[in-house]
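# predicted model, plus sequence, below.
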Amino acid sequence: MDHLEVLTIIYKAFKNEQTSLNFSRRGIKELPPEIGELTNLTRLLLSGNHLTSLPPALGRLTNLQELDLSDNQLTSLPPELGQLANLTTLILWGNKLTSLPPELGQLTNLTTLRLSNNPFRTPPLGLEQLTNLRALDLSHNHLTSLPPNLGQLTNLTKLNLGRTPLTTLPPELGQLTNLTTLQVEDGHLTTLPPELGQLTNLTELVLPNNRLTSLPSELGQLSNLMRLVLLRNHLTTLPPELGQLANLRELVLWSNYLTSLPPELEQLANLTRLDLGGNALTSLPPELGQLANLTTLKLVGNALTSLPPELGQLVKLEKLSLSVNQTPLPDELGQLVNLKELSLSHKQLTTLPPQLWQLTNLTTLNLSNNALTSLPAEVGQLVNLTTLYLSENALTTLPAEVGQLTKLRTLYLRDNQLTALPLKLGRLPLMTLDLSGNPLTFPPPEVLAEKSVYAILRYLSNRL
């Protein structure tokens, strides 16, 4: 959009006394000073243009409540923006800002400030003056530290510090007692200040992809915490005080260095999701069987040699992943009657336990990358299956009872030793059928050459 076109739109907006103007993604390189004539504007959107600077006349838009300048090429802001006394939302992500004018500290009605994806190396001055700020996004910057006076933003409810090279958090963050969400993903954190335990209104603490080796016991004081995400850190142990998080619903500890779990986790009565995959656990405390509301349990990629029979008490469990563990399946597995997704891949299984066929609510079963040479006829009892993974085994035949899986839509059989498919497979409503890497002679090569699931199923069904 050229200069004249921009002026024309500004003139029309002035004439019509518009309160909202959307200039997003118009290819604008320069904003004319005439924009300052639109004093009725409460909302101005300028995202996704090629702006490198702004006219000081923007400071005349004193009724403005929302200003979106994201995804431009701004290197600085005019100090006159500090005159926008009614501004509540200022969006500046995706620019080239390294500092902010101190006059922005005058925007005392500001509630939302998004500064992500800018090359800030030091925190912008004056942030502590924005005492009504509710949401602050400083993610995707080059910040290595935060000022202690950030703790003065006591009305803050959401703070995003993700993807910054922060190694520590100031203890003054503990003063943000209204904070409900704290995100510091993909950083360099090695420790957490004990003062975080003062954030008793926190419901979500997201700290993945850092370098944390331990957690302060004070985290157990976060009585309203519902979600704790700590995946891809360097944790070797968990403080038993985590068991005090009575409202916790989701605990994600995937890809750490945990070798054991504190039995106090049994106190997490409201927990619905527990992800322990990618650790070095050799056993599980039997107390985990007390997590009566658990619906998802991920144990993939540990060193488990056994499972406590108490896991059979998790009758609300819907998703269970035991892949890449060499543990036998306990008889109590058959008690998990609400299980819908079960992953048993990469376990070197040569046979399947009979209790597996009691799980008649299963919709997804992953048995890939094992050493199975056959499937028992009982597989036909899993009548709710929609997805079945059997790739990379040593199957030479499939039982005719597979034809009883009348809801099956996806079947992976890649890299087995199958020479023929059962005719009753033709009854299934398959949308995906992967047969690659098998020495099949039936159906004949000309049917397989069509590479069409429909053609294969039609051939089989026509011969029933």
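Yes, it's here.
# all strands of the stretch 251-400 of the chain, in order?
With DSSP state E, counting those that start in this stretch, the ranges of strands along the stretch 251-400 of the chain come out as 273-275, 296-298, 319-321, 341-343, 364-366, 387-389.
# what would these look like in CSV with mean pLDDT and mean neighbour count?
(Each C-beta comes from the backbone N, C-alpha and C, glycine too.) CSV is the format used below for the strands of the stretch 251-400 of the chain (pLDDT from 0 to 100; neighbours: other Cβ atoms under 10 Å):
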stretch, mean pLDDT, mean neighbour count
strand 273-275, 98, 20
strand 296-298, 98, 20
strand 319-321, 97, 20
strand 341-343, 98, 20
strand 364-366, 98, 21
strand 387-389, 98, 20
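# just send these back as TSV, with distance to residue 136 too.
What follows is the strands of the stretch 251-400 of the chain, written out as TSV (distance: least, Cβ to Cβ, whole Å):
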stretch	distance to residue 136
strand 273-275	28
strand 296-298	32
strand 319-321	35
strand 341-343	38
strand 364-366	40
strand 387-389	42
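# nearest to residue 243, out of the ones you listed?
strand 273-275 (12.8 Å; Cβ to Cβ).
# which helices and strands does the closest one pack with?
The contact analysis (3 or more Cβ pairs under 8 Å, 6 or more residues apart in numbering; DSSP states H and E) places strand 273-275 against strand 250-252, strand 296-298.
# neighbouring strands - and their directions - for it?
Paired neighbours of strand 273-275 in the sheet (DSSP bridges): strand 250-252 (parallel), strand 296-298 (parallel).
# contacts for it next, please.
With contact meaning Cβ atoms under 8 Å, 6 or more residues apart in numbering, strand 273-275 is reached by 231, 249-254, 288, 291, 294-298.
# wait, a helix at residue 105?
Yes. Applying DSSP: H, G, I helix; E, B strand; the rest coil, one finds residue 105 inside a helix.
# so what's it up against?
By Cβ under 8 Å, 6+ apart, residue 105 lies in contact with 82, 125, 126, 127, 128, 129, 130.
# after the longest helix seen in the chain, next one along is what?
For the chain, the helix that runs over the most residues, judged by DSSP state H, is helix 3-15. Sequence order places strand 20-22 as the next helix or strand after helix 3-15, per DSSP states H and E.
# closest one of the contacts of residue 105 to residue 391?
Among those, residue 127 lies closest to residue 391 (Cβ to Cβ), at 53.2 Å.
# how many neighbouring residues does the residue nearest to the closest one when sequence neighbours are not counted have?
Nearest residue to residue 127 in three dimensions, chain neighbours excluded: residue 150, at 6.6 Å (Cβ to Cβ, 6 or more residues apart in numbering). Residue 150 has 21 neighbours, counted by other Cβ atoms under 10 Å.
# try the one 10 residues further on
For residue 160, the count of nearby residues is 21 (other Cβ under 10 Å).
# looking at it now. What's its pLDDT?
With respect to pLDDT, residue 160 scores 98.
# what ranges do the strands span in the stretch 51-200 of the chain?
So, for the stretch 51-200 of the chain - with DSSP E, counting those that start in this stretch - the strands run 66-68, 89-91, 112-114, 135-137, 158-160, 181-183.
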